[in-house]
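Undergrad: next come a sequence and a model predicted from it.
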Amino acid sequence: MSQTYDVIVIGAGIIGVSTGLKLQQEGKRVLIVDSKGVAAETSAGNAGAFAFADVIPLATPGIMRKAPKWLLDPLGPLSIRPAYGLKILPWMLHFWRASWKDRYAAALKAQADLMALSKEALERQIQQVNGEHLIRREGQLQLYEGAEEFQAAMASWEVRKAHGVKFELLESPEAIAKIQPGIAPRFTHAGYTPEWKNVVHPKTWTEHLANGFTDLGGEITTQKVTAITPQSDHVQIVTDTSTLQGKHVVIATGAWSKALAAQLGDSVPLDTERGYNTTLPKGAFELKTHITFSNHGFVVTKAGDGVRVGGAVELGGLHLAPNYKRADVLLKKAKDFLPELNVEHGQQWMGFRPSMPDSLPVIGFAKNSQQVLYAFGHGHLGLTQSAGTAELIADLIQGRDPSISTQPYRAQRF
């Protein structure tokens, strides 16, 4: 007879590990299962940012007027691989509907609520795992080319202000250089968010949380889950090597969650934002803060001792081969924008951001079982919202009223 755990978390990325850690801290006996191990996918190669200022969903009113221009550029900030065009169509229809004013307003509130919770939850998490040495509190610069581009962004800064985001607006290259020297003078304006935080390295941070989890008695195993079957008093999980039992199961497998949710009766419009980056070695650039080139769709940030250049959105699913020309384009732009950047000896990477059309994650119970919960679909905000998601899942499993409503994140909202 298989051992029965209080909770089995499927997925050892930042969401799964944070959730497992929180439940273990609350006295649950938790097993984390992953097909490749801790931080083996997107949680290893992302920008490492806690982007609490990014409260605005991608599907904004009027965005569909801009989308064709972007989509026609195969190397632009938002593109669809031609071979994936028909498959992504249902997702795009949901995305279009999410951009309507009524849906957008609701998504904005839900995103802001989750951000506020996650910001507070992160500070609790940092203290609980003695993780301050792995946090960089160095702010973020969001850069604009000229007054017209800057003015066009004012509405987004007003939205951030309304949701409590602290920032300073800069209106000269000289003001920008006081925070980050070495930026090309074509960038004349910026918004600076001083409370923005990064991790030293996303993989290191996730591994640190995983170590805290096992120190408390939590278990991690490398197995591939193939089937999930709710029973009367537990959930049975079949893997490639064993059968496991949990009183509750949390599906936190990021971009790979769709097929598992389908086994529980939930058809979720989950797809992937394929992100590309290049990590440059130590000494590539003297970076003092996280830099966002929002109108070009990429960031420049620290990753360990090196510098990571990455971003953009490519809708292409899980199976098409990477198009590393996208990483090349981002690196070339970064060199143009940061003339002193040394772009030699970089290491390229591509990862799968689990993306929902309304930019909100899936957090809550499966349609046909109160024993199975979902925690996936965070897009490019997985690290940002990981601690908050963990607290919400813990509340639901423990039978507590969550600190914010989980209704907007239900799998069944579509």
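TA: Structure received.
Undergrad: residue ranges for the strands of the stretch 51-200 of the chain, please.
TA: 78-80, 135-136, 140-144, 168-170, 189-193, 197-199 (DSSP state E, counting those that start in this stretch).
Undergrad: can you lay out these as JSON lines showing distance to residue 343, mean neighbour count and mean pLDDT?
TA: Yep, even glycine has a C-beta here, placed from its N, CA and C like the rest. As requested, the strands of the stretch 51-200 of the chain are exported to JSON lines (distance: least, CB to CB, whole Å; neighbours: other CB atoms under 10 Å; pLDDT from 0 to 100):
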{"stretch": "strand 78-80", "distance to residue 343": "22", "mean neighbour count": "20", "mean pLDDT": "78"}
{"stretch": "strand 135-136", "distance to residue 343": "22", "mean neighbour count": "17", "mean pLDDT": "98"}
{"stretch": "strand 140-144", "distance to residue 343": "19", "mean neighbour count": "25", "mean pLDDT": "98"}
{"stretch": "strand 168-170", "distance to residue 343": "26", "mean neighbour count": "17", "mean pLDDT": "98"}
{"stretch": "strand 189-193", "distance to residue 343": "23", "mean neighbour count": "23", "mean pLDDT": "98"}
{"stretch": "strand 197-199", "distance to residue 343": "21", "mean neighbour count": "23", "mean pLDDT": "98"}
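Undergrad: residues near residue 35, how many?
TA: The number of residues packed around residue 35, counting by other CB atoms under 10 Å, is 18.
Undergrad: quick one: which of the strands of the stretch 51-200 of the chain is nearest residue 111?
TA: Closest to residue 111 of those is strand 189-193 (CB to CB; 16.1 Å).
Undergrad: neighbouring strands for the closest one, and are they parallel or not?
TA: strand 140-144 (antiparallel), strand 168-170 (antiparallel) (DSSP bridges).
Undergrad: contacting residues around it?
TA: For strand 189-193, contacts defined as CB atoms under 8 Å, 6 or more residues apart in numbering pick out 53, 139-144, 146-147, 149-150, 153, 157, 165-172, 175-176, 179, 289.
Undergrad: which stretch among the strands paired with strand 189-193 comes nearest residue 19?
TA: Going by CB to CB, the one of those nearest residue 19 is strand 140-144, 26.5 Å.
Undergrad: can I get the CA coordinates of the closest one in CSV?
TA: Extracted C-alpha coordinates of strand 140-144, given in CSV (Å, rounded to 0.1, in the frame of the first residue of the first chain):
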residue,chain,number,x,y,z
GLN,A,140,13.9,49.4,-11.9
LEU,A,141,14.2,51.9,-14.7
GLN,A,142,11.5,51.8,-17.4
LEU,A,143,12.9,53.8,-20.4
TYR,A,144,11.3,55.8,-23.1
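Undergrad: got a list of contacts for that strand?
TA: With CB under 8 Å, 6+ apart, strand 140-144 has contacts from 49, 51, 53, 150, 153, 176, 179-180, 183, 187-193, 196, 289-295, 337.
Undergrad: any regions of this protein where pLDDT drops low?
TA: For the chain, the stretches with pLDDT under 70 are 1-2, 66-77.
Undergrad: and the helices in it?
TA: 14-25, 42-45, 63-71, 85-98, 101-128, 147-152, 154-162, 173-179, 202-215, 257-263, 325-337, 382-398 (DSSP state H).
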